[in-house]
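In: turn this into a structure:
(chains A and B)
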Amino acid sequence: AQRVTQPEKLLSVFKGAPVELKCNYSYSGSPELFWYVQYSRQRLQLLLRHISRESIKGFTADLNKGETSFHLKKPFAQEEDSAMYYCALSQMNRDDKIIFGKGTRLHILP
Amino acid sequence: EAGVTQFPSHSVIEKGQTVTLRCDPISGHDNLYWYRRVMGKEIKFLLHFVKESKQDESGMPNNRFLAERTGGTYSTLKVQPAELEDSGVYFCASSLGGGRSHEQYFGPGTRLTVT
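Out: Residues are numbered from 1 along each chain as shown, chains lettered A, B, ... in the order given. The predicted structure is shown next:
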């Protein structure tokens, strides 16, 4: 089965504390992994993808094929990070549908 | 540059009625996708157009849903007749063509409420 699992529906973290949003996946082909973010009253947007290996807004995510995980991390949370975060995957090197997890709401406490 | 636009932003209809949602992709994007998020569930794929052709419609829930993309520009998604379980947010996304896993850009969504 092709599936993305985000175990936490809600994660509350104090400002300045480290953040880790968990994501595990199962996929039979060669997946490309993504993190999408939706800020309040904004549209869903791509935060980062594993093939680019970039750090966006201080967030990083490493693909661990052995553990089939793609956890999102940031060393120091900021209030503007409060948003809904979706882990997702698609078939590598193809314009194909995206399979989303249920999302984790990240709430940064002041 | 305008992003993906969707109309209407919100629609409230009664069970049994018909609703048509519209999506205008980013100009020049050959790929157009429809997704849906039903309350409490994940965002799920409905179908994928490449230009005017349906590339993958494996996510369409049943034959009450009809999607079109005449001329390869905007797309419509019609639900006829609507049922209560069709309530949710319908997202459209578009991306460049060429088959190389281009970034999908999402519209703001249409919130459909069936009463």
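In: partners of the residue at minimal distance from the centre of chain B in the sheet?
Out: By C-alpha atoms, centre = their mean, chain B has its centre lying nearest to B:Trp34, at 3.3 Å. Beta-bridge partners of B:Trp34, counted by DSSP bridges, are B:Leu47, B:Cys92.
In: what about residue 70, how many residues nearby?
Out: Looking at chain A here, since you left the chain open. A total of 27 residues lie near A:Phe70 under the criterion other C-beta atoms under 10 Å in any protein chain shown. In this view, the C-beta of every residue, glycine as well, is placed from N, C-alpha and C.
In: meant chain B actually
Out: 9.
In: which ones are touching the residue nearest to it when sequence neighbours are not counted?
Out: Distances taken as C-beta to C-beta, 6 or more residues apart in numbering or on different chains place B:Glu52 nearest to B:Thr70, at 6.5 Å, with adjacent residues excluded. Applying C-beta atoms under 8 Å, 6 or more residues apart in numbering or on different chains, we find B:Glu52 in contact with B:Arg69, B:Thr70, B:Gly71, B:Gly72.
In: let's see that with 10 Å instead.
Out: B:Asp30, B:Leu32, B:Glu68, B:Arg69, B:Thr70, B:Gly71, B:Gly72, B:Thr73, B:Ser75 (C-beta atoms under 10 Å, 6 or more residues apart in numbering or on different chains).
In: and those, which is closest to A:Gln78?
Out: Lowest distance from A:Gln78 to the contacts of B:Glu52 (C-beta to C-beta) belongs to B:Leu32, with 34.6 Å.
In: that closest one: which element?
Out: strand B:31-37 (DSSP states H and E).
In: please, which helix or strand holds the residue sitting nearest the centre point of chain A?
Out: Residue closest to the average C-alpha location in chain A (C-alpha atoms, centre = their mean): A:Trp35, at 3.4 Å. Assigned by DSSP H and E, A:Trp35 falls within strand A:31-38.
In: packing partners of that strand?
Out: strand A:3-5, strand A:45-49, strand A:60-61, strand A:83-91, strand A:99-100 (3 or more C-beta pairs under 10 Å, 6 or more residues apart in numbering or on different chains; DSSP states H and E).
In: now with 8 Å, please.
Out: If you count contacts as 3 or more C-beta pairs under 8 Å, 6 or more residues apart in numbering or on different chains; DSSP states H and E, strand A:31-38 packs onto strand A:45-49, strand A:83-91.
In: and of those, who's closest to chain B?
Out: strand A:45-49 (5.5 Å; C-beta to the nearest C-beta).
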